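> coordinates for the following, if possible.
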Amino acid sequence: MSEGLLNPETLIAPVELLDHEQVEWQRVRRTRCLIHQHLSYEYPGPIYDLDQHLMILPPKQHGNQRLVDYHLNVSSPNYEVNCYDDEYGNREISLQVSSVERSIAFDAAILIERNADDTRPHYVSADWLTDSRMLEPSILTQPDDVLRRTAATFLAGGAQGLALAHEINDWTYRALTYAHDVTNIHTRAAQALALGYGVCQDYAHIMLTLCRLCELPARYVSGHMLGEGGTHAWVEVLLPVAEEPDVALVVPFDPTHGRQARLDYLTIAVGRDYYEVAPTSGTFRAPYRGELRTHKHVGLTLLEYAD
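Next comes the predicted model:
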């Protein structure tokens with residue numbers, strides 16, 4: 001069965017994808033990207049009362065990013081579905097399935113547009129600047145003595161605000177060597193730093209830990225980047241705006257690549273750390289566990305350059 005939760009009458013038609021490696025990103029004014037995401041669970045036998053949560057849809061608007069359309073297909077013939085916004089503004093899909101014989105699959109096609117001509121800053125409510133969730137350690141961003149000493153060094157250097165965020169981003173980029181199969185989704189920032197190796201999630205957790213120790217409110221971002229095989233992660237730092245005290249400026253940093261996020265980054269969800277934005281989670285009744293398999297592809301469908 002299928003659900004077009006944003007527009008039940010619309011299916012996303014097949015399109016020809018463009019070569020993102022040839023893009024001159026500094027000249028781009030508008031892009032559209034198509035995300036195809038597949039998640040499937042295999043079980044040794046039947047399961048019951050499946051309560052599945054998917055965080056694979058972007059918000060309708062996130063800065064200059066806009067959700068154009070999407071279509072979700074569920075392999076089960078009978079299910080109940082609900083789509084809602086959580087406390088961060090993330091779109092979450094909740095599905096209830098009474099029973100699954102051996103497997104269930106979820107396939108999503110998501111069309112996203114980013115518009116560089118929209119030069120308005122990305123603002124959120126200034127309430128986020130004092131929200132404890134953006135300033136205090138989470139489960140995966142608990143600091144150790146090494147991270148505390150590193151943060152103290154940054155503070156002693158005197159940089160503040162955006163300049164301090166750049167310094168932390170650069171330091172984190174140099175602190176790890178990118179490597180698969182050394183860490184996992186449960187690895188904490190301090191553990192990854194001690195290992196010296198990690199993936200994008202670990203870079204993001206280390207930067208978040210340092211930002212929060214330096215009293216820079218910051219949040220974890222789960223999303224996609226053109227050219228990346230899996231889900232990508234980066235950090236949004238929230239800064240006060242002197243002339244507009246009711247809002248906070250959102251500035252995205254990618255410590256994995258040592259730069260600010262660009263138009264080839266597509267935000268799906270934000271939170272305190274990975275645990276709050278995991279693409280899939282849920283519960284069911286059975287005496288055994290399921291095996292998750294995932295596959296996704298992000299392609300560029302439209303590209304416009306500035307004159």
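> next, give phi and psi for A175.
For A175, the backbone dihedrals (degrees, to the nearest 10) come out as phi -80, psi -20.
> ok, it to H232 distance?
18 Å (CB to CB, to the nearest Å). C-beta coordinates here come from the backbone N, C-alpha and C atoms, glycine included.
> the two - which one has more neighbours?
The neighbour count for A175 versus H232, taken as other CB atoms under 10 Å, is higher for H232 (26 against 18).
> so where do the helices sit in the stretch 101-250 of the chain?
In the stretch 101-250 of the chain, the segments counted as helices under DSSP state H, counting those that start in this stretch are 132-135, 145-157, 161-175, 189-195, 200-213.
> so what strands line up beside the helix or strand where Y70 lies?
Here Y70 sits within strand 65-74, counting by DSSP states H and E. Sheet pairing for strand 65-74, assigned by DSSP bridges, gives strand 2-3 (antiparallel), strand 61-62 (antiparallel), strand 103-115 (antiparallel).
> from L162, how far out is the nearest residue to L249 once chain neighbours are set aside?
Excluding its sequence neighbours, the residue lying closest to L249 (CB to CB, 6 or more residues apart in numbering) is L239, at 4.6 Å. According to CB to CB, L239 stands 6 Å off from L162.
> where do the contact lists of these two overlap?
Contact criterion CB atoms under 8 Å, 6 or more residues apart in numbering; residues shared by L239 and L162: V251.
> out of these two, which sits in the busier spot?
It is L239, of L239 and L162, that has more neighbours when counted by other CB under 10 Å, with 18 against 13.
> pLDDT score assigned to the more buried one?
Looking at L239, its pLDDT reads 98.
> pretty sure it contacts P252?
No: counting by CB atoms under 8 Å, L239 does not reach P252; the two are 11.8 Å apart.
> of the strands paired with strand 65-74, which is nearest I47?
Closest to I47 of the strands paired with strand 65-74 is strand 103-115 (CB to CB; 8.7 Å).
> and S132, how many neighbours does it have?
9.
> quick one: pLDDT of it?
Model confidence at S132 (pLDDT) stands at 97.
> swap in M207?
pLDDT, M207: 98.
> what of T256?
For T256, pLDDT reads 97.
> what's around it, how many residues?
25.
> assess the claim that it and I206 are in contact.
No: in this structure T256 lies outside contact range of I206 using CB under 8 Å: 10.4 Å.
> give me every residue that touches E21.
Applying CB under 8 Å, 6+ apart, the residues contacting E21 are G227.
> give me the three-state assignment for it.
The assignment at E21 comes out as helix when based on DSSP: H, G, I helix; E, B strand; the rest coil.
> ok, it to V277 distance?
In terms of CB to CB, E21 sits 28 Å off from V277.
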